[in-house]
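Participant: need a 3D model of the sequence below.
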Amino acid sequence: MSNTNYVFVIDTNKKPLQPCKPTVARRLLNSGKAAVWRRFPFTLILEKAVEPVEKSLIIKIDPGSKFTGIALLDGFKVIWMLEIQHRGSLISEKLQKRSQRRRARRTKNLRYRKPGNPNKKKPFGWLAPSVMHRVETIMTWVKRLIKFCPVKSISMELVRFDTQLIQNPEITGYQYQQGELAGYELREYLLEKWGRQCAYCGKTNTPLEIEHIHPKSKGGSDRVSNLTVACNKCNQLKSNRDVKEFLSAKPELLKRIQTQAKLPLKDAAAVNSCRWKLFNTLKTTGLTVITSSGGQTKFNRRKHKLPKAHCIDAACVGEVNQLNFHTTQALVAICKGQGGRQKAAVNKYGYPIRYNPLKPIKGWNSGDLALNIETGEVGRVNPRSKSNSFNFTVPGQKAKSVHVSKLKVVHKKDGYTYTFCPQLSINVEENSV
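Facilitator: Residues are numbered from 1 along each chain as shown. Predicted coordinates:
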């Protein structure tokens, strides 16, 4: 088993070939039969053309609000994993600040800016930019994978939590809710809503039980707004007492629980709002798109005794009879965006403080990865418009000034910062052939 992801390979005509093991990729590079085409994801290009290969790989997607897991499978073999860290909350925050600054211009002694047209209508199917960002980011990586490897189908988790099903189990049928997946949707929803900790004592990393805030024996309902999670000790201590009686000596905790119980799960709402948009967008690739539920994903992960991780959840999407992990480390892509287009940077009050130079500068953009030819270090570049020396930052070190002639491009900025997640503790013997 390899600890790292498989390496993508394309031929000289840029046709995708079957991914290879890192050891094979190293031999191809050392023998001069291939060259590095792309750093992230790491891709080789052969020096010759090769006969097209049969499409056999499956892309599995576990979409989330803050993180999305993607796994690439060859049959039951997991050969490549990715975790995407979204920036939806940051987009929402920036749009709100922009709106506030524009509104403030109408009362300040600045150049007048007319209000927008009040007759504008949002088109059918419109989604907020912070939500649409998730769809576009996932599609970007799906297109990259299709470009670099022979993909035959896509499997995605259509909905993280079916909140309507949780409220009324009979909506999609009795057999689904009472089968072997019974309780998985509800339990996972509550764990996410209450932060995977006991609502009463805050204990984490302990088995949690579903608990009625207002006791069922005294007329309490099974609705999600009346449910929480608690450790066994707190659950037994509360027994069938009402939460007001149980927390009479802790009024602040009581108020927090009552408030949080009525709040919806924002992350689940964000995922549910863009699920069909993502599904329909994936269908435009021309590949077969298979859907599954979050309860099925969690059932598969527990069945195979796998640790909790976004990329592992992606591998467990859909029907899974067997999994063989050929990698235990996932690539992490952190969304940073392509930078702003504002000519003038402003302070928190909306006043301009400096003018931003046009990019690229001498062929470089902020965030490009470069190799320092003198020291052999790889770092991020921040170019300067009035100097031939750029800021060069190596991870873990202070930024230093390096002349542009001593820098060699390693990876052009593409809107992401890349790293690798820690090694996943997967029991290979139980999950391999």
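Participant: now the helices for the chain?
Facilitator: 22-30, 88-104, 129-148, 163-167, 174-178, 184-193, 232-238, 243-246, 251-262, 266-283, 294-303, 310-315 (DSSP state H).
Participant: what's around Asn5, how many residues?
Facilitator: Asn5 has 24 neighbouring residues, counting by other Cβ atoms under 10 Å. (C-beta placed from N, C-alpha, C; glycine too.)
Participant: can you redo the helices of the chain as CSV with mean neighbour count?
Facilitator: Below are those laid out as CSV (neighbours: other Cβ atoms under 10 Å):
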stretch, mean neighbour count
helix 22-30, 14
helix 88-104, 14
helix 129-148, 18
helix 163-167, 16
helix 174-178, 13
helix 184-193, 19
helix 232-238, 15
helix 243-246, 16
helix 251-262, 13
helix 266-283, 17
helix 294-303, 20
helix 310-315, 26
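Participant: right, and the ones you listed - which one's nearest Ser389?
Facilitator: helix 88-104 (30.9 Å; Cβ to Cβ).
Participant: could you list the domains of the protein?
Facilitator: Domains of the chain are assigned by automatic domain parsing as 7-88+127-161+267-336, 174-264, 355-414.
Participant: which stretch among those comes nearest Asn347?
Facilitator: Of all the domains of the chain, domain 355-414 comes closest under Cβ to Cβ, at 13.6 Å.
Participant: and that closest one, how far apart are its ends?
Facilitator: Distance between the two ends of domain 355-414: 23 Å, counting by Cα to Cα, to the nearest Å.
Participant: before we move on, the earlier item: for the helices of the chain, which one sits closest to Tyr200?
Facilitator: So among the helices of the chain, helix 232-238 is nearest, using Cβ to Cβ, at 4.2 Å.
Participant: in the stretch 101-250 of the chain, where is pLDDT below threshold?
Facilitator: 110-113, 115, 159-185 (pLDDT under 70).
Participant: mind running it again at 50?
Facilitator: Counting by pLDDT under 50, the stretch 101-250 of the chain contains low-confidence residues at 169-181.
Participant: from what I see, Ile72 and Ile61 are in contact.
Facilitator: Residue 72: Leu, not Ile. No - Leu72 is not in contact with Ile61 according to Cβ atoms under 8 Å; the separation is 10.5 Å.
Participant: any idea of the pLDDT on Met1?
Facilitator: In this model, Met1 is scored at 44, pLDDT.
Participant: kindly apply the preceding question to Val24 instead.
Facilitator: Val24 is given a pLDDT of 95.
Participant: kindly provide the distance from it to Leu73.
Facilitator: According to Cβ to Cβ, to the nearest Å, Val24 and Leu73 sit 19 Å apart.
Participant: ditto for Gly340
Facilitator: For Gly340, the distance to Leu73 - Cβ to Cβ - is 38 Å.
Participant: also Leu186?
Facilitator: Distance from Leu186 to Leu73, counting by Cβ to Cβ: 29 Å.
Participant: repeat for Ser225
Facilitator: For Ser225 relative to Leu73 (Cβ to Cβ), the value is 38 Å.
Participant: so which of those two has more stuff around it?
Facilitator: Remark: of Ser225 and Leu73, Leu73 carries more neighbours, 24 against 13, as counted by other Cβ under 10 Å.
Participant: nearest residue to that one other than its sequence neighbours?
Facilitator: Leaving out its chain neighbours, the residue that sits closest to Leu73 by Cβ to Cβ, 6 or more residues apart in numbering is Ile58, at 4.7 Å.
Participant: with Gln338 instead?
Facilitator: Closest residue in space to Gln338, ignoring its immediate chain neighbours: Gly415 at 5.0 Å, by Cβ to Cβ, 6+ apart.
Participant: report how many residues lie close to the one you found.
Facilitator: For Gly415, using other Cβ under 10 Å, the count is 15.
Participant: what pLDDT does the model give it?
Facilitator: 90.
Participant: pretty sure the residue nearest to Leu73 contacts Ile154?
Facilitator: Yes - assessed by Cβ under 8 Å, Ile58 is found in contact with Ile154 at 7.3 Å.
Participant: put together a markdown table for the domains of the chain, with distance to Phe420 on each row.
Facilitator: Output for those, formatted as a markdown table (distance: least, Cβ to Cβ, whole Å):
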| stretch | distance to Phe420 |
| --- | --- |
| domain 7-88+127-161+267-336 | 6 |
| domain 174-264 | 24 |
| domain 355-414 | 12 |
